[in-house]
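Colleague: let's see this in three dimensions:
(2 chains)
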Amino acid sequence: MSRSRLPKSRSSAELVIRELPDELLVYDSTRHEAHCLNRAAMLVWRRCDGATTVDEMAAELERAGLPREAAVVELALDELERAHLVELRKAAPTDRADRVRRSRRNVLRQIGLIAGAAVALPIVQSIVAPSVAQAASCLGPGQVCGVDGDCCSNLCLGVCV
Amino acid sequence: MRVNRPELIDSIRAVLPPGAREIESPIVDRLYSVVGGGAPRPGVRAYHLVYADALRLTRTLDFANVLNVLDGDARLFVASLARRRIFVHAGVVAWNGQAIVIPGSSRSGKSSLVAALVRAGATYYSDEYAVFDERGRVHPYARPLGLRTEGSDVAHRHPVEELGGVAGSAALPVGLVIATGYRAGTSWRPRRLTAGQATLALLAHTVPARRAAARALATLGEVAIAATGLRGARGEAGEAAQAILRRLEARNDSDMNADRLLGDRHDDRVRAPEVR
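Modeller: Residues are numbered from 1 along each chain as shown, chains lettered A, B, ... in the order given. Got it, this is the predicted structure:
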């Protein structure tokens, strides 16, 4: 196993979790990021308890009808680590080469280009949650603006009036 | 809301957020104070002042600016602090008893698409906020539509009746969530979003996304599970509006038939929505 230690998910106190059919939404209230984990990523993340090995995670995938491949688990862990949902693992010297080998395309090739194989790959999609000003349709008084139309008041003098 | 000159109150009432009504309450969440400048006198500038609590929002000689500032600040305050609703920056129309929600940032072409849908016969709900309750139903927020003329940065407000449409009044379940933006010369060929992807598309434009993350995820998840999520650039608004209404009708017949007939592609590699 290329991992230097067993993966462990972040403290749940910092995370808001919403289950959907075959997906998991996770909101990181520290970083203000929201993540959508597909089924494969969700199954792996749930076993990131600091005690489960990659092989055991692969077996979990198989029980859910997904390919039993360590490469798929490693790909999921890469995605989860990028999303800051698992605690950082100690980087091994070979990590970069490992990651290249674990590219989505290579893993697909490894598990065979069977129909639906892409769906079986772990995906973590992320957004930065907007602040009130970012989500608002127009900028409030005192906020920096470019043109009149940026402002709720339709009047921009460098900042909205 | 308090004023120093009673004659100002009627014009201020006209710019309060949709659904605003007078209530008696011992709790004041935000106190607006408008100090009208009075008649100009030689050598004296009669400024109008607007305060929100102790913060001065504006000092201006033009009373129209007072109304614009109050309008913008009150809407944003309600959208960010509403306790039982989640406000998402989006356009909303209704068709056959279901809502079509189009989340998007300013200048993404939401209002022109909403106007095109209204011209095509949809009922107008909002061109600014989708207002969701905890069951995932969307409530009307029918301000006059803000439409920009080509080459202009300033949006002018048009009552929906000017477009030959009507505004809805009842809360509705959501049928479609459409993440789209204008791209010249494009035909609308959307990809299907999973419920999780549709939730992210809504959350990316949710006003209290940070302040009320748990409530927003719960509510928007309900919306996304019940609705069909679609993502893709669109061309001209009129053409896209027709395609969207066809899509909702096909969904009502059968989701599976809609997939087959309309050639849906599931978007399993969709990129996360960009947040500016």
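Colleague: so, low pLDDT: which residues of chain B?
Modeller: By pLDDT under 70, the weakly predicted segments of chain B are B:151-154, B:254-276.
Colleague: buried set for the top helix by length along chain A?
Modeller: Scanning chain A for the longest helix, with DSSP state H as the assignment, gives helix A:70-82. For helix A:70-82, burial by neighbour count (16 or more other Cβ atoms under 10 Å in any protein chain shown) applies to A:70-81. For the C-beta atoms, the positions are set from N, CA and C on the backbone; glycine is no exception.
Colleague: of these, closest to chain B?
Modeller: A:Glu79 (12.3 Å; Cβ to the nearest Cβ).
Colleague: so how far is A:Leu15 from the closest one?
Modeller: 16 Å (Cβ to Cβ, to the nearest Å).
Colleague: what do you get for B:Pro40?
Modeller: 58 Å.
Colleague: ok, these two, which is more surrounded?
Modeller: Legend: neighbour count by other Cβ atoms under 10 Å in any protein chain shown for B:Pro40 and A:Leu15, higher for A:Leu15 (16 against 10).
Colleague: bridging across strands, which residues link to that one?
Modeller: Per DSSP bridges, the residues bridged to A:Leu15 are A:Asp28.
Colleague: list the contacts of it.
Modeller: If you count contacts by Cβ atoms under 8 Å, 6 or more residues apart in numbering or on different chains, A:Leu15 has them with A:26-29, A:85.
Colleague: in PyMOL, select just the buried ones from the residues you listed.
Modeller: Typed into PyMOL, the next command selects the buried ones out of the contacts of A:Leu15 (criterion: 16+ other Cβ under 10 Å):
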select buried, chain A and resi 26+27+28+85
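Colleague: show me the two of the contacts of A:Leu15 that sit farthest apart.
Modeller: A:Ser29 and A:Leu85 (12.8 Å; Cβ to Cβ).
Colleague: and the longest helix of chain A, what other elements does it pack with?
Modeller: Where contact means 3 or more Cβ pairs under 8 Å, 6 or more residues apart in numbering or on different chains; DSSP states H and E, helix A:70-82 is packed against helix A:39-46, helix A:54-63, helix A:104-111, strand A:124-128.
Colleague: could you tell me the least trusted of the ones you listed?
Modeller: Lowest mean pLDDT within the helices and strands packed on helix A:70-82: helix A:104-111, a mean of 70.
Colleague: since we're on the closest residue in space to B:Val15 that isn't next to it in sequence, how many residues are nearby?
Modeller: Closest residue to B:Val15 apart from its sequence neighbours, by Cβ to Cβ, 6 or more residues apart in numbering or on different chains: B:Asp71 at 4.1 Å. The number of residues packed near B:Asp71 is 19, by other Cβ under 10 Å.
Colleague: same question for A:Glu14.
Modeller: With other Cβ under 10 Å as criterion, A:Glu14 counts 12.
Colleague: same check on B:Ala233?
Modeller: Neighbour count of B:Ala233, defined by other Cβ under 10 Å: 18.
Colleague: correct me, but it touches B:Ala184?
Modeller: No. Contact criterion Cβ atoms under 8 Å: B:Ala233 and B:Ala184 do not qualify, at 9.6 Å.
Colleague: now the buried residues of helix A:70-82 in JSON lines, with pLDDT?
Modeller: Shown next, in JSON lines, are the buried residues of helix A:70-82 (pLDDT from 0 to 100):
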{"residue": "A:Ala70", "pLDDT": "88"}
{"residue": "A:Ala71", "pLDDT": "88"}
{"residue": "A:Val72", "pLDDT": "90"}
{"residue": "A:Val73", "pLDDT": "92"}
{"residue": "A:Glu74", "pLDDT": "90"}
{"residue": "A:Leu75", "pLDDT": "91"}
{"residue": "A:Ala76", "pLDDT": "93"}
{"residue": "A:Leu77", "pLDDT": "93"}
{"residue": "A:Asp78", "pLDDT": "91"}
{"residue": "A:Glu79", "pLDDT": "92"}
{"residue": "A:Leu80", "pLDDT": "95"}
{"residue": "A:Glu81", "pLDDT": "92"}
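Colleague: ok, how many other residues are close to the residue nearest to B:Leu8 when sequence neighbours are not counted?
Modeller: Nearest residue to B:Leu8, sequence neighbours excluded (Cβ to Cβ, 6+ apart): B:Gly36, at 5.1 Å. The tally of other residues near B:Gly36 (other Cβ under 10 Å) stands at 17.
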